[in-house]
Structure formats: C-alpha cells, structure tokens
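K.L.:
Fold the following.
(chains A and B)
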There are 2 protein chains.
Amino acid sequence: MSPEEFRQHGHAAIDWIADYWASLEELPVRSPAQPGDVRRALPPTAPDAGEPFDALLDDLDAIVVPGLTHWQHPRFFAYFPANSSPVAILGDLLSSGIGAQGMLWATSPALTEVEQVVLDWLVRALDLPETFLSDGPGGGVIQDTASTATFTALVAALHRASGGEARITGVSAGEWRVYGSSQAHSSLVKAAIMAGLGEEAVRLVGVDPHTQSMDVDALRDVVAQDVAAGLRPLMVHACAGSTSTGAMDDIVALGEVAREHGAWLHVDAAWAGVAAVCPEHRQHLAGVELADSFVTNPHKWLLTTFDCSTLWVRDRTPLVGALSILPEYLRNRASDSDEVVDYRDWHPQLGRRFRALKLWAVLRTYGLDGLRAHIRDGVELASYAADLVRADDRFELLTEPVLSLVVFRLRAGDEATMAAMEAVNDSGVAYLSHTTVEGRMAMRIAVGGWRTSRSDVERTWRALQEAAEP
Amino acid sequence: MSPEEFRQHGHAAIDWIADYWASLEELPVRSPAQPGDVRRALPPTAPDAGEPFDALLDDLDAIVVPGLTHWQHPRFFAYFPANSSPVAILGDLLSSGIGAQGMLWATSPALTEVEQVVLDWLVRALDLPETFLSDGPGGGVIQDTASTATFTALVAALHRASGGEARITGVSAGEWRVYGSSQAHSSLVKAAIMAGLGEEAVRLVGVDPHTQSMDVDALRDVVAQDVAAGLRPLMVHACAGSTSTGAMDDIVALGEVAREHGAWLHVDAAWAGVAAVCPEHRQHLAGVELADSFVTNPHKWLLTTFDCSTLWVRDRTPLVGALSILPEYLRNRASDSDEVVDYRDWHPQLGRRFRALKLWAVLRTYGLDGLRAHIRDGVELASYAADLVRADDRFELLTEPVLSLVVFRLRAGDEATMAAMEAVNDSGVAYLSHTTVEGRMAMRIAVGGWRTSRSDVERTWRALQEAAEP
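P.N.:
The predicted structure is shown next:
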C-alpha cells in the first residue's frame, strides 16, 4: 500500500466508522447471530493473492456487522459501558501509525514520559493521593485491563510480604490469604489462581444485604481466625463499585484491617473510579490514601478506547522488585542510570504500545470540564431511569442506584424478570444484562455510552414496560 | 466531536501518519532525548477546557516526535522488527471504531468467530498441526504478547499436571521444574515468578556453543536428576528463534523428553514462527506436532500492528480448566450451550478487543503471496548484510545468520564492538542492539521492517565501517 493508497483507504476507513455510527440507531443492539453464522460465511483458507482493501470493508458490512453486538450503540446498557470516543480512536490510530514499543524508556522515551505525565494528570483530576505521582515513591502505569492490574498488584503484594522470597522459591500452598467481598470481581479469584495461590487462598467475605458492601466485622473475624490458624493475610481487596450492583466497600475500614496485619490494600474501582473527576462523586473513594494500589479503567466510562486500565501504586519498589528481569539484550545506559522508569517491570508483558496517546487525546480534547459533563450525564440518566422504575408498581429497585447503574426487577419474580429482559434484548431495541442480588434475579441498566440520550432511556423503558405486560 | 468533525480530524490523523512516515528518512532512528525532556515540555495538569484536536497534532510534532525512537524507520534494526503496516493500522482503526468487547462469544459473536477463522487460516498457512484447528480438540487465540502466551501456557500446564489441584489449593514451592535453554526468552523466568513457581523452578540448560541450541543431553541429565530428587517436570520450553542469536532448539528431541516425563511442551517461536508462511522456512519448526502449545507474533515480522501474538494449544481442556470462572453476570445461553468458545477463558484478561480484524486485514490484503515476499525480502537482506560482514576483515559473524537476523562483532574486541555500535546509534543513521554470545559482546541487525530496502542495509553498513575506523 503506497502512501497515496494509505491516505485514500484511510479516509475510507474513517468514513466507514462514521457511517457505522450513523447506522447504529437502525441496528439491533445485540447481535441476532447464531453460533457458526459468521464462521460459515468465511472461506477456510487465506487467499494467496492479495485482495483490494475495499473487499474487507464490503465483508465488514455483509458478514461482520450482523455478527456484532454494538457496544457503541446508544441503547447498549449491558455490563458496563466501554466507550470508544472519536478522539480516543484517533489517538489510538496515531499510536498505531507511530508503531513504537515502550518496553523500556530507552526504546522510545516519549512513550514512557507522556504516560507518566498523563497519569499524573489523572491523579490530580481524580484527587488521588500524592504518593501516586511519578516523582514520588509510587507511580502509575497503563495496563490492558483491571484483571491484569489486580493480578499485578497481587504479585507485588506477595513480593513485599515474602521479603522477596516468593519470586525466588515460589509460593507455599496454604500459607497466604486474600480477602475480598462476595461481590468482588471474578478477576480476584482468577488472579489468585494464576499467582499460584489457588482459589482456597481467597476468602470471600459476606456483605450487608442492603448496600452489598463488605461486612467489616465479618472480615475482622475471618482474618482473626486465619491468623490464629497460622495463615498470613496477604491482600485485602476493596471494591469501589461492584460489577453486580455498584456496591462500595468501606475503604477506610478495610484499610485499617489491612494495616493491622501488614496486608496489601488493593482498591478496584475499575468502573466507578473515573467518576471522581467530579468532586461530588469522590466520597466513594474516601480512604484511598490507605491503598497500596488502585485501579480504574478509562476504557469503561472515561471515553478512552479499550484497552486502557490505569493502575497506581503508593510504592513502586515491590512492584518492580517482583517483575524485573534484565537480560543482556535489554541493557542500556538509561536503565543503568536509574534516572528513568522501564514500564516492562510494571506489568506481566514485555512489549507495550503507546496507549497513553489516546488517553492524552481524551484529556486534552474533552478537557476536565468535558469529562465531568460526560460523567454527570450518565449519573443523571441513571437517576432518570430509576425514577421510571419507581413510578411503575410492577417494578422495584433492588438497590439504590449507584452513579450510573440501576439494578431492578419485576415484582412478579425471577422468571418474569428474566423473560422481560430477554424480550427486550431479543427485540434489538436495547441490550441489558442481569445479575443476582441476595439470591434474586435482577436486570441492570448501566448508562455511560457517549451517544446515549434521555430518549434512549425512554425508548428502552417503554420496551421493558411492554415486555412486562401480563 | 460531531460525525463531520470526526471525518475531518480523522482524515487529518491519517495524513499525519502518512507525512510522519515520509519524514522518517530525515529523522534520527534512535531518539536523542534525555531523561525528562518530554516531561518538562508538558504542563503539570490536564486542561479544564477542551482544546482543539489540532493542538494535539502540533504537540505530537513538537514534543513527541523528537522523543520517539522510530520503530517503523527503514533503518531500525534493533531488537526484532515490530511491523505496523498500513493495512494493519486501518484494520485496528476499524476495530476501535466498532469498539466491541469479545470476552464472551455472546458479547459480540463476530469477534470470536473471525478470530477462530483467521487463526485457522494461519494454522494452514504456517503448516501447523491440525490439532490446532478450532474444530478439533485444540484451537488458537490472540494474546497481547508472547510473554502472556508463555505465562498462560504455564498455568495450563500446571492445571494438567496437577489434575486440577493447583487452581484449588495453589502450588507447593519446590515441587515443580520448568526447563528452557540459557537462551530462552526472559519471559520464561518471569512467567515462573508470576505463576508462583519461583525462579528456582526454572532450570536453564546449557547450549551448543556454535548453534546456541539447547544441549539435549544436558537436558536429559538435569531432568533425570530432578526426577530422582522427587521433583516433577512441568514444562519444557523450546525456543524456535532466540532473541539473542535466533537459535533454534531441536523441537523433536525436546518433545521426546517432555513426553517421557509427561511434561508440557511449549514452543516459543515469537519472532521466527511466522517465517513458516514460506515452505522453505519451515524446517525450524520440525517437531511442532509434539507441542502442547505454540506461540508466534504476527506483530513482529508479519506486518500486523502490535499487539497480536497468536497462541495455539493442542487441547483446550487444561487451558479453559485453569482459567474459567463464571460469575452470574457473565452467564448466557450460548455459553451454557457449549456450542461456542468464550475467549476470556483462554488468557489472563477478561475484556478483549477485536484484534483479529487487523490480522484478517493483513492476511487478505497482502495475501499469502505478499506475506511470503515480505519474509523473503527480510531473509535476503540479512543474507546480504552477512555478506558485507564477511567481506570486511575487521568484522566477524558470531553465528551463522538465522532467517533475517545477523549477529557479528569487531575482531578488535568487546570495547571496539560496542563503541562502533553506539557511534552508529548516536549518529541517528541506524539503530542496532547488542547481545552477548559465549561471553563476547556482539551487535545484531534484525531486518524485517516493511520499509527497509537494500540501500538501507548499505547505508547502515557504511556507517558501521566508518565507526570501525581506528
């Protein structure tokens, strides 16, 4: 592809995206595809001769789009939003064009330094502790996902708690304990499995039935029992905004328990953390200054194309200590000088792309005012959706709305609830996902898409009401 | 940003990339930036008010480009290439625009099915075993990097070897052993640390001094000693193309040792594996049918924008068994039906983007003929570079060139070798990286950039010759 062809096809790809967004309103949010539909439409082998780029665009329309669930659709309310805003897309496009690797500072200094600066910006924008700033003992790093961030934090915690022994001799089964609430994200258990601790190392502590927040007394009891049994508390996982209902653990209380026992406090605010760009949405993070690590995902609700999960640590020593390996072919003057950060020591991977560029593009082009407006829109729309639930006697809220998440059900029961949700999902009008709360099935509306408006909430609500008819 | 603004700025971003590529010839390959240069040029806080997108492009030119080491420069010969070809960039751009999540088949069916199809295409294109195909017992998955792929393989190996016990109770320090050559990538040790096995679990076996391939007799001896001591062989890591010199382990022999002891055979062909798209470059993978897992990186030498590392397993059962967790909020009819693959069980992360799209774009637009031509170009240019080395008595090859990698030094010794390399790197004409071979310093020329031509090799060689003058 010559430079001229790249310009021509590049403009076509940009236009394809703009046209795709314009078409979303008419498309079913959730793909109606059945297993195998897309596979059957594609040939069994790659072509020997190259095809024109336009053929790819044609097949996107004919084969791929019908197989997509449209996460950027204005009535996508399932899971959590995963915003892919126009400016973030262009930031990521520029990163691809530059095509540099940031595994070491030396392999492309700007990749590391822009990332440090942008993560410092976020520390200030979210009012996070100063220990997270890059010129202090800690620092921030962009990870792919919160799952990886939580896993990385766990490995760092193990390094600190074992005095560096774990990376040399490995872990001993049955020695360590990790604590989270029953509402903690599944990535906590997955991290424990991957780190060699095993599922049994994770104690999922009960929650308050109303708030779904961790029962701190229960935590204290479990920790005391474990310590009495000779087990070692390794990490306390505080959930600031659970996937199921947006539940917020009491970070201060959990932090105190962690401190008493020398355990690592990891705060998982994957979805809710970015809301702290608004001063009125910071109360959920009270106590974050106790955190050894903190993760939030700009790729969820802060308009930054996946993947972009931001992790900070209060002290980078155990993190780098856990993950640093320096073969000869990666040695260089800058690393030897200790004047720079080499981010490959901050996550499982070695190679890394220039992900800071898309976040930089978002922060600059929206500005903090624009980001606050986006968060406030989501909260306001969720509040509106909650009002609609309250106004219809057939429905009930299962928990109070948290930020932009509304969890509700049909009073008629589990079966009616799931049937109504599936009917709406099958209709293509909107897409919701479900959960269980205290054993009862519930639907979730997670607002936050960058194209979602009041009329989208209304149209979704009308569809739900119709589906709820006896 | 309105749709019209997106089109306008999108076209500008495309043009910025084309202009950037056109400017590379005049730019120093390695950034001359000193630590802090980029940071100091950026403000300490994000703006409150949004800025025009053009301001970002201006700062890219003024601040970022001088801080970049240009991996897409035609005379970037360091590490391994990390191709970001025009068509891959556009494929990835389309993925950002679609902005869908492929954690489950159900969250966007086309993401999973296109990935399955494209990885099947690669199995056939690289002549890999049929057990890797998606309709058999195994299958393929796109991971971010080979580091993650190797880690994932190790976790799966542990699941299989422990009969599923490891994920429940954790690993027991000092029970398991992992084997690789002293030339194995550093990600092997990092994987063992992260998996809770510890560095001591990894036995780095010596190599043949000429080929740098693992000494199979030494491997047999070490394994026998370990088994006699009651330790359990968990994985044998075969390197097909080492980072240092492109060394190729004897996969057949290593596979036999692994089978004898019930250990997992992982073949790491991160760089060299994609060369098998050419029938004449398949001999290095002889024995791959013994592999339990195999990784190669289209993001290195197959023109696919980072990140795109392709991992196959001969049997997906232990992989999914190791990593599957199903909270209620991810349950869905398709997963329950067992008719689909849910890729979040195939890697550490939960969320995943539509990375298959860029690989699909590359395979279709280049076609296999185009990819073969690209690989052959790289091999031919490396062969030419090796001829230049041979023709100058001051230089010597340290190993025979492997595919597109040439490792050489100045006969005058380590100091002269490093001084010449640094002089060329400092000049900005080209960028090479170094290694050690049997205790001696060496330079590496790794060819493979999509813009690299014979004249780039010649210009680099002239610069090296000048730097080698007494």
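
K.L.:
make it CA atoms for all contacts and neighbour counts henceforth
P.N.:
Will do.

K.L.:
A:Pro233: what's it in contact with?
P.N.:
A:Pro233 makes contact with A:176-179, A:223, A:226-227, A:258, A:261-263, according to CA atoms under 8 Å, 6 or more residues apart in numbering or on different chains.

K.L.:
Out of those, flag the one nearest to chain B.
P.N.:
Distance to chain B across the contacts of A:Pro233 (CA to the nearest CA) is lowest for A:Trp176, with 9.9 Å.

K.L.:
how about the nearest residue to that closest one, chain neighbours excluded?
P.N.:
Nearest residue to A:Trp176 in three dimensions, chain neighbours excluded: A:Arg232, at 4.8 Å (CA to CA, 6 or more residues apart in numbering or on different chains).

K.L.:
pretty sure the one you found contacts A:Ala173?
P.N.:
No: between A:Arg232 and A:Ala173 there is no contact under CA atoms under 8 Å: 11.5 Å.

K.L.:
and the contacts of A:Pro233 as a markdown table, adding secondary structure?
P.N.:
What follows is the contacts of A:Pro233, written out as a markdown table (DSSP: H, G, I helix; E, B strand; the rest coil):
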| residue | secondary structure |
| --- | --- |
| A:Trp176 | strand |
| A:Arg177 | strand |
| A:Val178 | strand |
| A:Tyr179 | strand |
| A:Val223 | helix |
| A:Asp226 | helix |
| A:Val227 | helix |
| A:Ala258 | helix |
| A:His261 | coil |
| A:Gly262 | coil |
| A:Ala263 | coil |
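
K.L.:
Buried members of those residues into PyMOL, please.
P.N.:
Typed into PyMOL, the line below selects the buried ones among the contacts of A:Pro233, using 16 or more other CA atoms under 10 Å in any protein chain shown:
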select buried, chain A and resi 176+177+178+179+223+226+258+263
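
K.L.:
Now tabulate the contacts of A:Pro233 in TSV and tack on pLDDT.
P.N.:
What follows is the contacts of A:Pro233, written out as TSV (pLDDT from 0 to 100):
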residue	pLDDT
A:Trp176	97
A:Arg177	98
A:Val178	98
A:Tyr179	98
A:Val223	98
A:Asp226	98
A:Val227	98
A:Ala258	98
A:His261	97
A:Gly262	97
A:Ala263	98
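
K.L.:
thinking again about what came up before, identify the residues contacting the residue nearest to A:Trp176.
P.N.:
A:175-177, A:226.

K.L.:
Could you tell me the per-residue confidence at it?
P.N.:
With respect to pLDDT, A:Arg232 scores 98.

K.L.:
just A:Ala173 next, same as before
P.N.:
84.

K.L.:
Now for it, how many residues are close by?
P.N.:
When neighbours are defined as other CA atoms under 10 Å in any protein chain shown, A:Ala173 has 19 of them.

K.L.:
Quick check: it touching B:Gly174?
P.N.:
No: contact criterion CA under 8 Å: A:Ala173 and B:Gly174 do not qualify, at 10.7 Å.

K.L.:
Now find how far off-centre stretch A:375-382 is within its chain.
P.N.:
Mean C-alpha position of stretch A:375-382 versus that of the full chain (CA atoms, centre = their mean, to the nearest Å) differs by 18 Å.

K.L.:
Not counting it itself, show me its contacts.
P.N.:
A:275, A:278, A:301-302, A:401, A:403-406, A:445-449, A:453-454, A:457.

K.L.:
From those, pick out the ones that also neighbour chain B.
P.N.:
With CA under 8 Å from any CA of the partner chain as the criterion, the contacts of stretch A:375-382 include none near chain B.

K.L.:
Setting aside sequence neighbours, what's the nearest residue to the residue of the stretch 251-400 of chain A found nearest chain B?
P.N.:
Using CA to the nearest CA, A:Gly367 is the residue of the stretch 251-400 of chain A that sits closest to chain B, at 3.9 Å. Excluding its sequence neighbours, the residue lying closest to A:Gly367 (CA to CA, 6+ apart) is B:Gly50, at 3.9 Å.

K.L.:
Residue numbers of the stretch 251-400 of chain A in contact with chain B?
P.N.:
A:305-307, A:322-323, A:325-329, A:334, A:339-340, A:348-353, A:361, A:363-370.
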